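A.B. asks: Give me a model of this one.
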Amino acid sequence: MPDDLDALFEVLGDPVAMRYYPAPFDRDRVAAWIEWARQSCREHGFGLWAVIRRSDGQFLGDCGPMLQPVEGQLIPEVGYHIVPAEQGRGYATEAARACVAWVFGNTSFSTVCSLVAPDNAPSRAVAAKVHPAMREFTWARNNKVMCLYWTDRAGRDRLGLQRGMDGLQPGPLGTVSVVDLAAVGSPPASAPPASTPAPATASSSSFRSGTAPNAA
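C.D. replies: This next block holds a predicted model:
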């Protein structure tokens, strides 16, 4: 846990890397971030994972699906943070694609998304490579206009996005071609089952049009 905290603090505490957040994280906030990810793994069978370069074991950042409220539904949202020195090398794109494939292969969710601030050009470039669709909406969680990138299960199959991605489906301790995705923090002796049933699903038609029912 301390090693992961130090490594993740390199990106989450960096003013440049976190310039699209209200403020960089301090060490306590990074520790809480790690616990948030681990709690999600315990409760849902998935969460943020550490991105590790396979060639040398270098920690690169985090990436993974976390449930987020989007227009009245809980949707797995794939987020990613790569340390500044390693950005621009395709690691976030590979890891995020692997996470999308994992969600569709191991849960019943019909939609996976990524939420990006409109002025966050680097993250938008990654999201555009990962998801085939995007629209802007006002996110109720922060009352700000966000770019909602998404992939739905039917559309993914229709567009052939599965091809070439079968080898990019990590479990909590699984691997992809260039990077490994490992549990953030000290992992439990046995990871939660990857096939944990999803607590909610999203209709691709209502999600696409933005007409999902409001939360109660």
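
A.B. asks: C-alpha from now on. contacts and neighbour counts both.
C.D. replies: OK.

A.B. asks: Please, which helix or strand holds G105?
C.D. replies: helix 91-106 (DSSP states H and E).

A.B. asks: What is that helix packed up against?
C.D. replies: For helix 91-106, the elements it packs on are strand 59-70, strand 73-82, helix 121-130, strand 179-183, judged by 3 or more C-alpha pairs under 8 Å, 6 or more residues apart in numbering; DSSP states H and E.

A.B. asks: any idea which helix or strand comes after it?
C.D. replies: Downstream of helix 91-106, the next assigned helix or strand under DSSP H and E is strand 111-116.

A.B. asks: So which elements touch that following strand?
C.D. replies: Applying 3+ C-alpha pairs under 8 Å, 6+ apart, one finds that strand 111-116 contacts strand 73-82, helix 121-130, strand 144-152.

A.B. asks: List of residues touching the second one?
C.D. replies: Here helix 121-130 makes contact (C-alpha atoms under 8 Å, 6 or more residues apart in numbering) with A92, T93, A96, R97, S114, V116, P118, M134, Y149.

A.B. asks: Between all of these, which two are separated the most?
C.D. replies: By the measure C-alpha to C-alpha, R97 and P118 form the most distant pair in the contacts of helix 121-130, at 20.7 Å.

A.B. asks: SS state for P24?
C.D. replies: For P24, the reduced secondary structure class is coil; criterion used: DSSP: H, G, I helix; E, B strand; the rest coil.

A.B. asks: residue contacts, the residue nearest to it when sequence neighbours are not counted?
C.D. replies: Closest residue to P24 in three dimensions, ignoring its sequence neighbours and counting by C-alpha to C-alpha, 6 or more residues apart in numbering: G13, at 4.8 Å. The neighbours of G13, taking C-alpha under 8 Å, 6+ apart as the test, are P24, F25, D26, R27, V30.

A.B. asks: export these to TSV and tack on neighbour count and distance to T107?
C.D. replies: Shown next, in TSV, are these (neighbours: other C-alpha atoms under 10 Å; distance: C-alpha to C-alpha, whole Å):
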residue	neighbour count	distance to T107
P24	19	32
F25	19	31
D26	12	33
R27	16	33
V30	21	28
